[in-house]
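In: What follows is a predicted protein model with its sequence.
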Amino acid sequence: MTTDTTGTDPNAPAEGSTRAEGSTPAEGSTPAGDSAPGGGPLAGHSVLVAGASGGLGSEIARRLAAAGAVLTLTGRSRGGLEALGLDATTVEADLRGADGAATAVQAAVTGHGGLDGVVFAAGVVAFGPAGDVTDEVLRELFDITVFAPVRLFRAALPALTESAGAGRQPFVANISAVTAEAPTAGMAVYSAAKAALTAFDNAVSREVRSAGIRVLDIRPPHTETGLASRPIAGRAPRLPAGHSPCAVADRIVAAITGGDRDLPATAFGSARA
């Protein structure tokens, strides 16, 4: 079952939130805290996946579902989200704006009684010398790579804090890239944006750790998601074979369920596609 929440009012009260006194879950949803069919390490946990229709986000979403998570999936194409065939709430939202982040979080809280985890898997890439990068490309890279996950974190923080108070061990998992560790010529602005996201994750992790919220920074090596064939600028150089999205998603979900706080490129081994 897919529930479309396009048009959800981000300022509406969280109907169905199990955190709200006297409320009941939305009809047809699984409240956070109830076991999903088949159980699993994330059984009944409400998890929001941003960029769920992408090559890596879709594989992560499938594995989170298999682990028992109750999913809210966001993307800019409703059709792409519905094509996954997952039992999930879907939200067509542009996370480049604050309204999109608020709408996505509200959909998870309203539909599933709370929010216990956020995975940010959206992304774009650009190639070419830094001197050729236009302001438009610069804004797009930072809007999606840095500002969107920061806005999503900010919007989700109250619900995650509530989850922590209930002892549910909430998490935020942001997908950065190996270029945050090894900035790459011809991808200077992309490298800078990913490094900024990793810096944010490292700092905010210390800010919210005492509140019981875990932040996981993920820096996978080149992965065959098809993103390099769809750059917003430039042309991809000849790249070595990348890692399999399935293998990368396996490792990411293992880190989420295993309580990891840092997942460097070396953690992915040599599983090539």
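Out: Cool, the structure landed. A quick note: this is a predicted structure, and the numbers were derived from the prediction, not measured.

In: What's the local residue count around residue 182?
Out: Residue 182 has 11 neighbours, counted by other CB atoms under 10 Å. Any C-beta I mention is one placed from the backbone N, CA and C, and that applies to glycine too.

In: Look at it and report its pLDDT.
Out: Looking at residue 182, its pLDDT is 96.

In: So it belongs to a strand, correct?
Out: No - under DSSP: H, G, I helix; E, B strand; the rest coil, residue 182 falls outside any strand and is assigned coil.

In: And it, how far from residue 254?
Out: With the distance defined as CB to CB, to the nearest Å, residue 182 ends up 23 Å from residue 254.

In: Also residue 191?
Out: 26 Å.

In: Compare neighbour counts for those two and give me the winner.
Out: Neighbour totals were compared for residue 191 and residue 254, and residue 191 leads with 20 against 15 (other CB under 10 Å).

In: show me the residues around that one that make contact.
Out: Residues in contact with residue 191 (CB atoms under 8 Å, 6 or more residues apart in numbering) are 179, 180, 183, 184.

In: Could you give me the PyMOL selection string for whichever of the residues you listed are buried?
Out: To isolate in PyMOL the members of these that are buried, counting by 16 or more other CB atoms under 10 Å, one can use:
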select buried, resi 179+180
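
In: any idea how far residue 49 is from residue 256?
Out: Separation of residue 49 from residue 256 (CB to CB) stands at 11 Å.

In: Which one of the two is surrounded by more residues?
Out: Remark: of residue 49 and residue 256, residue 49 carries more neighbours, 32 against 25, as counted by other CB under 10 Å.

In: partner residues bridging that one?
Out: Note on residue 49: beta-bridge partners residue 73, residue 119, judged by DSSP bridges.

In: ok, now which ones touch it?
Out: Listed by CB under 8 Å, 6+ apart, the contact set of residue 49 reads 57, 60, 61, 64, 71, 72, 73, 74, 119, 121.

In: for these, which one is nearest residue 42?
Out: For those, the residue nearest residue 42 by CB to CB is residue 64; the value is 6.4 Å.

In: Does the closest one touch residue 41 like I think?
Out: No - using CB atoms under 8 Å, residue 64 is not in contact with residue 41; the gap is 10.0 Å.

In: and those two? which has more neighbours close in?
Out: A direct count of neighbours by other CB under 10 Å for residue 64 and residue 41 places residue 64 higher, at 29 against 13.

In: Can you tell me the element that one falls in?
Out: According to DSSP states H and E, residue 64 maps onto helix 57-66.

In: mind listing what's buried in that helix?
Out: Neighbour count says helix 57-66 has 57, 58, 59, 60, 61, 62, 63, 64, 65 buried, by 16+ other CB under 10 Å.

In: Just the element for residue 102, please.
Out: Using DSSP H and E, residue 102 sits in helix 98-112.

In: if you average pLDDT over that helix, what comes out?
Out: On average, helix 98-112 scores 95.

In: Output the contacting helices and strands for that helix.
Out: strand 46-50, strand 70-75, strand 88-92, helix 148-165 (3 or more CB pairs under 8 Å, 6 or more residues apart in numbering; DSSP states H and E).

In: Quick one: the ones you listed as TSV, columns for mean pLDDT and distance to residue 202 too.
Out: Shown next, in TSV, are the helices and strands packed on helix 98-112 (pLDDT from 0 to 100; distance: least, CB to CB, whole Å):
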stretch	mean pLDDT	distance to residue 202
strand 46-50	98	20
strand 70-75	97	25
strand 88-92	95	28
helix 148-165	98	13
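
In: Indicate which one of those is closest to residue 261.
Out: Ranking the helices and strands packed on helix 98-112 by proximity to residue 261 (CB to CB) places helix 148-165 first, at 14.9 Å.

In: Just the CA coordinates for the helix or strand following that closest one, please, in PDB.
Out: Note on helix 148-165: by DSSP H and E, the next helix or strand toward the C-terminus is strand 171-175. Output in PDB follows, covering the C-alpha atoms of strand 171-175 (Å, rounded to 0.1, in the frame of the first residue of the first chain):
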ATOM      1  CA  PHE A 171      19.100   8.300  14.200                       C
ATOM      2  CA  VAL A 172      20.000  10.500  11.300                       C
ATOM      3  CA  ALA A 173      22.000   8.900   8.500                       C
ATOM      4  CA  ASN A 174      23.400  11.300   5.900                       C
ATOM      5  CA  ILE A 175      25.100  10.100   2.700                       C
END
